[in-house]
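Q: Return atomic coordinates for the entry below.
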Amino acid sequence: MVPVNQSMEESDKSRHLLRRYLEEAPLAVALFRACEAVAFSTVALERPILDVGCGFGEFGRIFFEDALPPEAGIDLDRAELKRERQLPACRSVAQCDARKLPFKDASFGSVMSVSTLEHIPEVSAVFPEVARVLRPGGVFAFSVPIDTLNANLLGHRLLSVGSAKLADRYARLVHRSLTHVNVWPAATWTQIVASAGMAVERAEPILSPPATKWFEALLPAAYGSRLWRRVTGRRPPHPGMFVRMAERRMLPLVRQGSAAGSNLFVVARKPS
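A: A predicted model of the protein is given here:
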């Protein structure tokens, strides 16, 4: 088994991934996705691979640019999949609910999911389905925001000085804007994994508190980019000088680890 992009030195890998996301995504998204991509690049993903929540393919196109794309991707959003087909990131895609996967038992060597599970109501139903479609010994790697995100938000921290209720209301507003429905402690996610019969091999916080504050500050511009994409079908272009300047400032944040990170990266395995 060979981790994706393992031929790059660790420092070059994080720089390359950040630069590629900066070329396509708004700053807030690029920072978030680069942190996730660096984590995913440490995992050996056996083929065939299923991407749960592939969206319009931005993560997959960049992450797998030097390798074969995932064999299959699923998403519930038809419009996102339509855009994915214009610049394919998976060999095939299907519109379906992750709680009822349209694949036979033991169809995949690996399943991955990038910041998707937090959007799915009754998400615990996804995990038995993932276990079902995984081959014995197969890996499920996923990332999700966790409850430490609240305390890492600058707005939450400032408001909590005067009113805990206002601070919590601010955090709920952020989650609502990001359509989060499941923002739980790390232990809750690992318990759900175990309940589905998979063993957690790694559960590591990513997206440090400083990176979270930058993400929060840059979110308004990301909403503008989203509107542009809905109208034009693609992200607004980013000039090379803009990318280089952003890269210099953000690269230390991508490389920074923290036990108090706002996002959880989990690697679980189905028993052989």
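Q: Report the buried residues of stretch 39-57.
A: 39-43, 45, 48-57 (16 or more other Cβ atoms under 10 Å). In short, each C-beta sits where N, CA and C put it, glycine included.
Q: Give me the lowest-pLDDT entry from the residues you listed.
A: Within the buried residues of stretch 39-57, F56 has the lowest pLDDT, namely 89.
Q: Relative to L27, how far out is the closest residue to it other than its chain neighbours?
A: Nearest-residue entry for F56: R83, 3.9 Å, with adjacent residues in sequence omitted and distances by Cβ to Cβ, 6 or more residues apart in numbering. R83 sits at a distance of 21 Å from L27 (criterion: Cβ to Cβ, to the nearest Å).
Q: so where is the stretch 1-150 of the chain shaky, pLDDT-wise?
A: 1-11 (pLDDT under 70).
Q: Helix, strand, or coil at Q191?
A: Secondary structure, DSSP: H, G, I helix; E, B strand; the rest coil: Q191 is helix.
Q: Tell me how many other residues surround it.
A: If you count neighbours by other Cβ atoms under 10 Å, Q191 ends up with 14.
Q: Same question for V161.
A: Neighbours of V161 (other Cβ under 10 Å): 9.
Q: any idea how far A171 is from it?
A: For V161 relative to A171 (Cβ to Cβ), the value is 15 Å.
Q: more neighbours, R83 and L27?
A: L27 (22 against 17).
Q: any idea how far A246 is from that one?
A: 6 Å.
Q: What of E23?
A: Distance from E23 to A246, by Cβ to Cβ: 10 Å.
Q: now do A30
A: For A30, the distance to A246 equals 7 Å [Cβ to Cβ].
Q: what's the overlap in contacts for the two?
A: Common neighbours of A30 and A246, using Cβ atoms under 8 Å, 6 or more residues apart in numbering, are L22.
Q: between these two, who's got more neighbours?
A: Neighbours per residue (other Cβ under 10 Å) separate A30 from A246, with A30 holding more: 29 against 19.
Q: any chance you could map the helices in the stretch 101-250 of the chain?
A: 126-133, 148-152, 154-162, 164-177, 186-195, 209-232, 240-255 (DSSP state H, counting those that start in this stretch).
Q: so S41 sits right up against I62, yeah?
A: No. Judged on Cβ atoms under 8 Å, S41 makes no contact with I62 at a distance of 11.2 Å.
Q: can you list residues touching both of those two?
A: Joint contacts of S41 and I62 (Cβ under 8 Å, 6+ apart) are L17.
Q: neighbours around C96, how many?
A: Neighbours of C96 (other Cβ under 10 Å): 14.
Q: any idea how far P70 lies from R61?
A: 11 Å.
Q: now swap in G55 and tell me
A: 11 Å.
Q: Next: A221.
A: Counting by Cβ to Cβ - A221 and R61 are separated by 22 Å.
Q: the more surrounded of those two?
A: Using other Cβ under 10 Å as the criterion, A221 and R61 rank with R61 on top: 17 against 13.
Q: looking at this, the more buried one is in a helix?
A: Yes. The assignment for R61 by three-state DSSP puts it in a helix.
Q: Could you check what's spatially nearest to it, not counting adjacent residues?
A: A89 (4.4 Å).
Q: My guess is that neighbour contacts L68. True?
A: No. Counting by Cβ under 8 Å, A89 stays clear of L68, with 11.3 Å between them.
Q: neighbour-wise, which of the two wins?
A: More crowded of A89 and L68, by other Cβ under 10 Å: A89, with 23 against 11.
Q: would that one count as being in a strand?
A: No. Per three-state DSSP, A89 lies outside any strand segment and is coil.
Q: Could you pull up phi and psi at A44?
A: phi -80, psi 110 (degrees, to the nearest 10).
Q: Okay, it and V139: tell me how far apart.
A: From A44 to V139 the distance is 7 Å (Cβ to Cβ).
Q: chain center to stretch 214-227, what's the gap?
A: Relative to its parent chain, stretch 214-227 has a centroid offset of 16 Å by Cα atoms, centre = their mean, to the nearest Å.
Q: buried ones in that stretch?
A: When neighbours are counted by 16+ other Cβ under 10 Å, the buried residues of stretch 214-227 are found to be 214-216, 218-219, 222, 225.
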